[in-house]
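**Student:** A predicted structure for the sequence below; I have some questions about it.
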Amino acid sequence: MVRFSLNGVETEIAPDAMLLTRLREGLGKTSTKVGCEIGRCGACTVLRDGVAVNACLVMGWQLDGAEICTIDGLETMPAGQLLIKAMEIENGFQCGYCAPGVMMSLAGLLSGETIPTDAMIEEALEGNICRCTGYHSILRGARLARDMIKEKHL
Amino acid sequence: MKVARPDSLEQALSLITDGGVPVAGGTAFQLEYAQGTTPPAQYVPVGHLIPTGIKGLTIGAGTPLEDLRHAGIPLLSDACRDVAAPNIRRLGTLGGNLAWRKGCLVPALIALDALITTTNGSMPVLEYLSAPDGLVLSITLRPLEGGQIQSTWRKVGLRQAFTASVIATAGMMSLCDNTIVQIRLAAGGGATPAQRLTAVEHWLVGQNIHAIDQAILRQRLEDAIIAVDCPFRTASYRRKVAAASLAAGLFGLPLAPRNKMPEPSKTAFPPALTELSRLKGGDRWHTRPDMPAKLRGTFPYLTDKRADGMLVGRILRAGRPHALIRSIDTTKAESLDGVEAVVTHRDIKGLNAFGIVFQDQPALCHDKVRYTGDAVAAVAAIDAETAERALSLIEVVYDDLPVISDASCALAPDAPPVHTAGNLVTAVAHGRGDTSTGWAQAVHIVEDTYVTPRQMHGFMETEGGWAAPDGDGLIICAGGQHGSRDQMQLARILDVPADSLRVVTSPTGGAFGGKDELTVQPALALLAQKTGKPVRLHLSRAESVQAGTKRNPLTIRMKTGCDAQGNLVAQEVEVISDCGAYASLAPGVLETALEHVVGPYKIDHYRANGRLAYTNNGTCGAFRGFGANQMTFAIECQMDRLAVLAGLDPLEIRRRNLRIPGSPGVLGQRVAPSERLSEMLAAAAHSDMWQPFPVNADEIPGVGMALNYQGNGLGTIPQDEADFGLGLKDGKIQALCGLDEMGQGLTASLHGAVADRLGCARTDVCSVTGDTMLAPDSGSTTAARGGFVVWQGVNRTAPAFEAALLERAATIKGCTPEALKIVPGGVGETRLNSSTPCVSFAELGEIAPVMAHYDFPKTDYTKGNARFIFAFGATLARVAVNRITGMVRVVDLEMHTAAGPVIDMASYLGQMEGGLVQGLGYTLTENMSYQNGRPVAGNFDSYMVPSVKDVPEAMRITAHEGLDANDPYGPRGAGELGIGAIMPAIANAVATATGQCPATMPIAPETVLEMLEGAHGPL
Ligand code: FES
Ligand code: FES
């Protein structure tokens, strides 16, 4: 078994198990979503050591000592709180099923060193499919979050 | 699968020699397994053993692609930007991408003449690719040096980003006084073999770049490039775009040809328009009530339910398009440890059939399977693995039958029948006047065949949910669009009283029509019934692709004529719709398509015929737009084409032909007031979208428009009614509405409508939806009927509810009800002119719901299905057509809508934006094509919904909210407008760029290149 931390709590996974399956099927942590299981929708996005990756592409052997942050841990991140606030204001989502993944992709971006440009926001979301919104509401929310973060830094 | 933990390279190599598979980032493996590769017995992780990082021009094989993307390395960083998406690039490594040999970086590495160092020595990249030897340790780039260096990179995919490679090219050259000293040209990526184009390189060396004949160069490149056909793109397309990419990338493109853009005439004043956006919306913009939970991952999707002792269900699919079932043997599966139940048709006590229109689809097949996704058996086991193993132990013996894979062939007299009664499901025909009289007046005629694809709903939450014993009956929770109808269908299958079943259909992660018919509910119910335990079942995407309902592909032959002034005089239309294996709502789709056959125009003489044919191509039914948008595509393209012939602009021809408000509908039916077509046309005429706009050097601009005219509600024939309630409980005003929240904003609309009507705050309202026990039957969440149902429900219940509430407050306060009014948080005093409550809602206790029952407004025509209420719109699209790839980029969209008052601005805006982009995908990239009864795409790697890079830079949405005086029907439906006219708007825009209207959707880049060449000569 491989040990890793899940939102700050020590847990374990078999080396050949998919992180996403471990979360949803094994641990019952269904806040991380499943949409394709081949890395082509982004619904399963989580942060591994602070950067966004697809939980359906990460296997247990890639998690030794890793820190995984899922949407459950988003509010513990300063950027996460602002992101939530901005998305609430802009009504970023519709059905919301893509949201946990989109939010984690953005959380990874917004927690980085640089204040992202609009182009960087779009690039960060290239791997996240949303079928409801046409993305513009998500982009508006992300840009508002970015502006709120910028203001805080100033 | 075992995962080794090698401590040294030697150890890793010996494990690999013994059959282990080296893995670094591992990002390609899940995809490969999904495509049929068998997982290896052992993984040998090597990422920690191989070099990582960039030292000068040498890159450690373990370096993540995302690091390279930002490293500023010529050619390679650009190329990395086009690999997958950032989250995947963080896992994927350069060594892995190379060793996979299909990676799209290969051409860039060839152009950089990369030297590959493996555990067995160093070799040039092409040599490595032809005979990989050893584990890749590092890659040393050897770019050209000296003189003036130029390079180019282009990856062509199936959409703008996050796509597999159709073909990728890279080139690098050094120049001295404009003469080519050295040059490297490479192609590869995806199915294209890695190749260096040495013959063309030799031809180019020594030439002056200004003296090169581009036409000859392109021809030489096309002849040299080796490419293959795949189901998505032809070899010749690959060669053509690769040649053009290299030629243009290194030697420049000729100036763009000038195309003539339409110049619209403005006659009427623009109508009053509400700009829909947070910034312009002011206090009409509210955070949706479902937003906080959705953003925090706590929203209760039905597929997320977990409980101790809950079993996991799986469904056995036919896996073949057409076959007789000889036998089904479940004994082995049943005796597997951990299996609690296996169900087959033998477990069905009631009617083994369902279907909203005709009950032709078996819950579990007994004698025959008719499409690859047909359900044959289902299993409940203690976990997913056991359930899946059990499926593999069920033995079904089939006799394959000839496959019907084309709707026209299905209607041939000797075609093998998919169902015993034959392959014609329904036929619809109507008309008006006498077409021969019409044709006699025609001066201009346009005739073409418009083909629309099989679109997949692609809701992010696939079909699924859970079921469990509940008292004497069952509770069945699965995303749906009409709980009471699901309940009735399930009761019929199980042969139990309907009221013994509690069906929960909300919330769901997107539906768009694709959860209107039953999906997993029969299997779930049968498994819960047989095991007596809770069971959950959630389709994988791959299974959803196979089994789920899709949009009916339509072939529309349309002939339309106008006189010299552009007045429409005659039209003939012939439609064939591919039903797939079961009817579901496909008969309604065909009928609706034909109901929109003349669009919002006046044509005195027309004939329309439609036929719906069973095939073995999956199964089709309801999808946002429901046939109307397909027909709108055809007629709106015809309008633009006739305008060109008649010398009119796109607005003028429509203006001359608009139906007269208040005149009968196409079937002669009476229609509702508040028609707003001329207002929509005026809004389009005054749009800035017609102004010139910048595009990239390799693109040609185009602009187009189309009108929307969308019937709301189910029509005259189906029952179309609603129940609704308003009560007070636990300090909240409860809106009881059995419609479903699937993301469209039902709850936001309920809260908004109640608050606006009663004067309370939106937060004082809570809604109870999609649950046959807790909410009334409000009809189906389809056909853009939700807006009316909500508004009318509130209107009908509010007076009695308000009276009861004020009465209760008056008793408490010891005053008359007239002295009181509803305010945010409770009841306040009228005279105080303040919105502070003197009694809170919580203090008012409980008020039993005031209920209302009402019909969706209908018209008088009953010989066929006809709509009474319509919503209107105009969609404008600016496109940029790529001269190299033939791909269409939608630059800008604008949509004006007239669907009455907007209840919730954010939800309404979302419906329009989302509908537009879903329609954009339908127009440009989405097609679930079938080959011999099998879907070509298997998952989101090969079915291309729009990515964030495919959507326009800007979308402007407005609403013209007014209704005629005394119009009693309130808000019209918003759910289907967005997708209604985007396809013809884009097609008409492409036509202004290419000179020809694309009639087959999605628009094939190869066709666009041909059209461009036809219009402008070689590009
Ligand atoms: S489930 Fe992981 S990317 Fe789709
Ligand atoms: S909001 Fe539904 S998929 Fe994004």
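**Tutor:** On my side now, so go ahead. Ligands and ions are numbered 1, 2, ... in the order given.

**Student:** where exactly do the helices run in the stretch 651-800 of chain B?
**Tutor:** For the stretch 651-800 of chain B, the helices defined by DSSP state H, counting those that start in this stretch occupy B:677-685, B:746-758, B:786-813.

**Student:** Please convert those to JSON lines, extending it with distance to ligand 2.
**Tutor:** Where you see a C-beta, it was placed from the backbone N, CA and C, and this is true even at glycine. As requested, those are exported to JSON lines (distance: least, CB to the nearest ligand atom, whole Å):
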{"stretch": "helix B:677-685", "distance to ligand 2": "28"}
{"stretch": "helix B:746-758", "distance to ligand 2": "13"}
{"stretch": "helix B:786-813", "distance to ligand 2": "17"}
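
**Student:** quick one, which of those is nearest to chain A?
**Tutor:** helix B:746-758 (8.3 Å; CB to the nearest CB).

**Student:** so what are the domain limits for the chain?
**Tutor:** Chain wasn't specified; assuming chain A. Chain A breaks down by automatic domain parsing into domains covering A:2-73, A:74-152.

**Student:** The chain in question should be chain B.
**Tutor:** Split into domains by automatic domain parsing, chain B comes to B:2-213, B:300-626, B:721-855.

**Student:** can I get those domains in TSV with mean neighbour count?
**Tutor:** Output for these, formatted as TSV (neighbours: other CB atoms under 10 Å in any protein chain shown):
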stretch	mean neighbour count
domain B:2-213	20
domain B:300-626	21
domain B:721-855	21
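
**Student:** can you put the ones you listed in JSON lines and add mean pLDDT and distance to ligand 1?
**Tutor:** Shown next, in JSON lines, are the domains of chain B (pLDDT from 0 to 100; distance: least, CB to the nearest ligand atom, whole Å):
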{"stretch": "domain B:2-213", "mean pLDDT": "96", "distance to ligand 1": "8"}
{"stretch": "domain B:300-626", "mean pLDDT": "98", "distance to ligand 1": "7"}
{"stretch": "domain B:721-855", "mean pLDDT": "96", "distance to ligand 1": "18"}
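
**Student:** Any chance of these in CSV with distance to B:P254 as columns?
**Tutor:** Compiled in CSV, those are given as follows (distance: least, CB to CB, whole Å):
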stretch, distance to B:P254
domain B:2-213, 12
domain B:300-626, 31
domain B:721-855, 47
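
**Student:** Please give the element, helix or strand, for the residue sitting nearest the centre point of chain A.
**Tutor:** With distances taken as CA atoms, centre = their mean, A:M104 lies nearest the centre of chain A, 1.6 Å away. Remark: A:M104 resides in helix A:99-110, with elements defined by DSSP states H and E.

**Student:** Would you mind putting the domains of chain A into TSV with mean pLDDT and distance to ligand 2 alongside?
**Tutor:** What follows is the domains of chain A, written out as TSV (pLDDT from 0 to 100; distance: least, CB to the nearest ligand atom, whole Å):
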stretch	mean pLDDT	distance to ligand 2
domain A:2-73	98	8
domain A:74-152	97	3
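
**Student:** For B:E395, find the nearest of those.
**Tutor:** domain A:2-73 (27.1 Å; CB to CB).

**Student:** mind checking which of the domains of chain A is nearest ligand 1?
**Tutor:** Of all these, domain A:2-73 sits nearest to ligand 1, with 3.2 Å by CB to the nearest ligand atom.

**Student:** what distance separates the start and the end of the closest one?
**Tutor:** End-to-end distance of domain A:2-73 (CA to CA, to the nearest Å): 21 Å.

**Student:** how far does it sit from the chain's center?
**Tutor:** Mean-position distance between domain A:2-73 and its chain equals 10 Å (CA atoms, centre = their mean, to the nearest Å).

**Student:** ok, now stretch B:312-319?
**Tutor:** On CA atoms, centre = their mean, the centre of stretch B:312-319 falls 25 Å from the chain's centre.

**Student:** residues in contact with that stretch?
**Tutor:** B:365, B:369, B:371-384, B:386-388, B:390-391, B:394, B:396, B:398, B:520, B:523-524, B:527, B:535-537, B:539, B:543, B:546-547 (CB atoms under 8 Å, 6 or more residues apart in numbering or on different chains).

**Student:** 6 Å - rerun?
**Tutor:** B:369, B:372-380, B:383-384, B:387-388, B:391, B:394, B:523, B:527, B:535, B:537, B:546 (CB atoms under 6 Å, 6 or more residues apart in numbering or on different chains).

**Student:** for the helix or strand harbouring B:A985, packing partners?
**Tutor:** Counting by DSSP H and E, the element that carries B:A985 is helix B:982-994. With contacts taken as 3 or more CB pairs under 6 Å, 6 or more residues apart in numbering or on different chains; DSSP states H and E, helix B:982-994 sits against helix B:628-646, strand B:699-711, strand B:870-882, helix B:905-924, helix B:1005-1016.

**Student:** re the thing from before, the helices of the stretch 651-800 of chain B into CSV, with extra columns for distance to chain A?
**Tutor:** Below are these laid out as CSV (distance: least, CB to the nearest CB, whole Å):
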stretch, distance to chain A
helix B:677-685, 20
helix B:746-758, 8
helix B:786-813, 14
